[in-house]
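# Below are the sequence and a predicted model for it; my questions follow.
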Amino acid sequence: MDRHKELTAAKLPDDLVVDILSRLEYKDFCRSKCAYKAWSAFSSDPDYRKKLPNKVTPGLLFQGRNKSAIPLVSLFQQIGEIDGILADVPHYEHLELLDCCNGLVLCKYSSSYTTPGICRFVVCNPATRQWRIIPDTHPKTDDPRYVTILAFDPSWSPQFYIFNFHLEHHHGLIFGTSKLEIFWSESSTWLVDDKWDCDISVSHRPHIFLHGIVYAGTARQEVVVFEGLEEMGDGTLPYHWFIDMPSDSFDVGAFAHGCFGKSSGNLHYALPGEDGRSIVVWTLYEYAYGLWDWIVKCHLSMTDAFGRDDLIYLHRHGDGELYWNCDYWIIALDLEKDLVFLSDHRREKLLSYNISTAALNEIPNPPVRQDVASYKDRT
């Protein structure tokens, strides 16, 4: 787009732009949102959102331990389960769901032609039925283990990024990270960081991509923050730094699952309280340059939601060892829609908790004990 056309488009009134965009097919609308950040922002505006094309059903993507098909469970009961959401992807029968971010889905795949020890990824867009096979990575061992994160935000950039952490492990125990690989979709290449701190283990959850910055939880109750992704075109690796998790979350964070969320441009973190009877939601704020802290935003009563208060308890393992357990995991946090998604391990159900009404509703689906359950937004 030349400079004259850019200036002309920038001068159009918002109402006129929304009227034009509303006439597009959803696939074309997705492409148009990448042209201007202001156009992408219309999707989050409550006055404009209903007028714009919206063909994607919000819901939960999940997959069983047997690496079966990856259906989408709609949040609207009248729609129910949608099968074959990724049916157009090659090697569909061998897909393993890893992550999703703002409408893109990251899977790992294998086939009879896949070389052992090689990790292959594919990124899919269920809305447009498009997919992209990512170049192979080459691990140092024959038994690789990874934590893999997808980062994509069309309001920030039309490109996506994949962070692939190679884990150091022995007899099933994780001892750290051997190296970090980062893929940038525009160059279609992996950059390798061999100087990554081997003592830091990034967790599968929580993580989030916000304002071009990746936030990922670690086993040391810290958040590792990656910035400078826009400089990868020069072959420069993003730099990283750390933020401590909320101090009063350390004990529960060792065995319970928390989750990041975002609203109004702010980063939030949700985790069961020390007795599990409430979920504590914190907001991250910068109180001085480079100095960050967490403030409590709200408490959500789980005693009222579940109708009981024995939600955290000591559990005896098969070998007789006792360890703490929480009956529910936090799968996703969506403060803009006033929703928290939970998995109830006692009843093996997926649940949605409405923050405004304090109502706990069951989401119809197969048993919750899946390898992966990810919230997929409309974006």
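Ah, there it is. Residues are numbered from 1 along each chain as shown.
# Beta-bridge partners for the nearest residue to Leu335 once chain neighbours are set aside, please?
Of all residues not flanking Leu335 in the chain, Ser263 sits nearest, at 3.9 Å (C-beta to C-beta, 6 or more residues apart in numbering). Glycine gets a C-beta too; all of them are placed from N, C-alpha and C. On the basis of DSSP bridges, Ser263 is bridged to Asn266.
# If you tally nearby residues, what's the number for Ser263?
15 (other C-beta atoms under 10 Å).
# Test my guess that it contacts Lys337.
No: with contact defined as C-beta atoms under 8 Å, Ser263 does not reach Lys337; the gap is 9.3 Å.
# Identify the residues contacting the residue nearest to Gly253 when sequence neighbours are not counted.
Leaving aside its sequence neighbours, Gly253 sits nearest to Gln221 (C-beta to C-beta, 6+ apart; 5.5 Å). By C-beta atoms under 8 Å, 6 or more residues apart in numbering, Gln221 lies in contact with 244-245, 249-250, 253-254.
# Just the buried residues out of those residues, in PyMOL syntax.
PyMOL command restricting those to the buried ones, with burial defined by 16 or more other C-beta atoms under 10 Å:
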select buried, resi 245+249+253
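# which stretch of helix or strand covers Phe250?
Secondary structure from DSSP states H and E places Phe250 in helix 250-253.
# I'd like to know which elements that helix is packed against.
Other helices and strands packing on helix 250-253, by 3 or more C-beta pairs under 8 Å, 6 or more residues apart in numbering; DSSP states H and E, are strand 266-272.
# Now do the strand it packs on, average pLDDT.
Average pLDDT, strand 266-272: 95.
# from here on, count from 43
Sounds good: first residue 43 from here, last item strand 308-314.
# name the helices or strands packed onto that strand?
Using 3+ C-beta pairs under 8 Å, 6+ apart: strand 308-314 touches strand 244-252, helix 292-295, strand 301-305, strand 320-330, strand 333-343, strand 370-376.
# tell me the most buried of those?
Ranked by mean neighbour count under mean count of other C-beta atoms under 10 Å, the helices and strands packed on strand 308-314 are led by strand 370-376, which reaches a mean of 22.
# Okay, now the sheet partners of the helix or strand following that strand, with direction.
Later in the chain than strand 370-376, the nearest helix or strand by DSSP H and E is strand 381-386. Strands that pair with strand 381-386, judged by DSSP bridges, come out as strand 370-376 (antiparallel), strand 391-396 (antiparallel).
# could those strands be laid out in TSV, adding mean pLDDT?
Formatted as TSV, these follow (pLDDT from 0 to 100):
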stretch	mean pLDDT
strand 370-376	91
strand 391-396	89
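# quick one: contacts for Glu273?
Pro280 are the contacts of Glu273 under C-beta under 8 Å, 6+ apart.
# Run through the residues that contact Phe205.
Contacts of Phe205 (C-beta under 8 Å, 6+ apart): 190-191, 193, 222-224, 244, 256, 258, 268.
# for those, which one is nearest His357?
Closest to His357 out of these is Val244 (26.2 Å), distances taken as C-beta to C-beta.
# Now that the closest one has come up, it's in contact with Gly259, right?
Yes: with contacts counted by C-beta under 8 Å, Val244 reaches Gly259, the gap being 7.3 Å.
# Could you tell me which residues touch both of those two?
Val266.
# follow-up on the earlier one: can you lay out the strands paired with strand 381-386 as JSON lines showing distance to Ser64?
Shown next, in JSON lines, are those (distance: least, C-beta to C-beta, whole Å):
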{"stretch": "strand 370-376", "distance to Ser64": "24"}
{"stretch": "strand 391-396", "distance to Ser64": "29"}
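# wait, which of these is closest to Trp198?
Closest among those, once you apply C-beta to C-beta, is strand 370-376, at 18.9 Å.
# how about the closest one as CSV, C-alpha atoms only?
What follows is strand 370-376, C-alpha atoms only, in CSV (Å, rounded to 0.1, in the frame of the first residue of the first chain):
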residue,chain,number,x,y,z
TYR,A,370,-9.7,-28.0,40.1
TRP,A,371,-7.3,-26.4,37.6
ILE,A,372,-7.6,-23.0,36.1
ILE,A,373,-7.6,-23.5,32.3
ALA,A,374,-8.2,-20.0,31.1
LEU,A,375,-9.0,-16.5,32.4
ASP,A,376,-11.1,-14.1,30.3
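# Domains of the protein: list them as residue ranges, please.
43-96, 128-286, 292-421 (automatic domain parsing).
# Need the helices and strands packed on strand 308-314 in JSON lines (columns: distance to Glu138).
Converted to JSON lines, the helices and strands packed on strand 308-314 look like this (distance: least, C-beta to C-beta, whole Å):
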{"stretch": "strand 244-252", "distance to Glu138": "13"}
{"stretch": "helix 292-295", "distance to Glu138": "26"}
{"stretch": "strand 301-305", "distance to Glu138": "21"}
{"stretch": "strand 320-330", "distance to Glu138": "29"}
{"stretch": "strand 333-343", "distance to Glu138": "32"}
{"stretch": "strand 370-376", "distance to Glu138": "18"}
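# and Cys149, which of those is closest to it?
strand 244-252 (14.6 Å).
# what does the helix or strand following that closest one contact?
Counting by DSSP H and E, the next helix or strand C-terminal to strand 244-252 is strand 255-260. Strand 255-260 is touched from outside by 191, 193, 203, 205, 242-245, 247-251, 265-269, 271, 280, 284, 287, 300, 302, 309, with contacts defined as C-beta under 8 Å, 6+ apart.
# Do a quick rundown of the helices in the chain.
Using DSSP state H, the helices of the chain run over 45-53, 56-63, 68-75, 79-83, 292-295, 344-348.
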